[in-house]
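> this is the structure alone, sequence omitted:
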């Protein structure tokens with residue numbers, strides 16, 4: 001836990017302005033992005049503080065898969081079922097604003113605006129899927 005990290009505080013329910021969405025995984029939390037790039041834009045975050053996506057190793061593959069499953073489940077709970085029209089990924093440092101691992105879940109990807117299409121561009125220099 002890093003008391004200076006806003007995502008750590010959100011995960012511990014210490015940020016009253018951020019509502020957590022129902023999540024089936026006790027090691028992860030999910031909430032809406034404060035600057036949504038799509039009609040559905042959620043962040044899936046490990047409760048335990050982890051560095052950004054650059055710190056991921058092979059042993060983290062199950063964690064990332066669980067993060068993606070939580071993202072899909074939250075979309076479905078919010079009446080979005082076209083999982084072929086979803087974009088998920090991480091901003092690559094130095095382009096991530098919070099140094100706590102977080103997966104962006106955006107849908108429908110087909111409705112991303114001009115700037116969101118750039119900012120969340122698939123496998124770009126700054127966003128990896």
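That came through, no problem. Nothing here was measured: the structure is a model prediction, and the numbers come from that model.

> the closest residue to residue 15 other than its chain neighbours: neighbour count?
Nearest non-adjacent residue to residue 15, counting by CB to CB, 6 or more residues apart in numbering: residue 9, 5.0 Å away. Every residue, glycine included, has its C-beta placed from N, CA and C. By the criterion of other CB atoms under 10 Å, residue 9 has 15 neighbours.

> go on, residue 109?
Residue 109 has 19 nearby residues by other CB under 10 Å.

> state the three-state secondary structure for the nearest residue to residue 32 once chain neighbours are set aside.
Spatial nearest neighbour of residue 32, excluding adjacent residues (CB to CB, 6+ apart): residue 42 at 5.9 Å. Put simply, residue 42 is strand when judged by DSSP: H, G, I helix; E, B strand; the rest coil.

> quick one: end-to-end distance for stretch 30-39.
Using CA to CA, to the nearest Å, the end-to-end distance of stretch 30-39 comes to 16 Å.

> ok so, going back, the residue nearest to residue 32 contacts residue 71, correct?
Yes. Here residue 42 reaches residue 71: they are 6.4 Å apart, a contact under CB atoms under 8 Å.

> need the overlap of contacts for these two.
Common contacts of residue 42 and residue 71 (CB atoms under 8 Å, 6 or more residues apart in numbering): 30, 105.

> max-length helix in the chain?
When the chain is parsed with DSSP state H, its longest helix is helix 61-77.

> what lies in contact with that helix?
Helix 61-77 has contacts (CB under 8 Å, 6+ apart) with 21-25, 27-28, 30, 40, 42, 44, 46, 56, 81, 83, 86, 88, 103, 105, 107.
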